[in-house]
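A.B. asks: What would the 3D arrangement of this be:
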Amino acid sequence: AAPAAPGSEEAQVLAALGHDPVTLDTLERRSGLTPDRLSSILLDMELKGLLTAIPGGRYQRRKPEG
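C.D. replies: Predicted coordinates for the structure are as follows:
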């Protein structure tokens, strides 16, 4: 997966995500993005392989392969 461009909304979400699994509510608070916009970005990032949704409604960075 290509890294998020610096200054992009994807980079903003990755910064809010940190390195531990977090809930959508936590990402909303940390990123300042609206729920609709955040959900759209998360789906796009998941499709790009930058993060993964895990049980319990949480998200985490995807571990690099190799």
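A.B. asks: Now do the contacts for residue 15.
C.D. replies: By C-beta atoms under 8 Å, 6 or more residues apart in numbering, the contact set of residue 15 is 30-31. Backbone N, C-alpha and C define where each C-beta goes, glycine included.
A.B. asks: tell me which element it falls in.
C.D. replies: helix 9-17 (DSSP states H and E).
A.B. asks: Let me see the mean pLDDT of that helix.
C.D. replies: For helix 9-17, the mean per-residue pLDDT is 91.
A.B. asks: ditto for stretch 56-66
C.D. replies: Stretch 56-66 comes out with an average pLDDT of 83.
A.B. asks: quick one: buried residues of that stretch?
C.D. replies: residue 59 (16 or more other C-beta atoms under 10 Å).
A.B. asks: which residues sit in contact with residue 41?
C.D. replies: Going by C-beta under 8 Å, 6+ apart, residue 41 touches 9-10, 13, 33.
A.B. asks: oh sorry, the question was meant for residue 51
C.D. replies: Residue 51 neighbours (C-beta under 8 Å, 6+ apart): 13-14, 17, 42, 45, 59-62.
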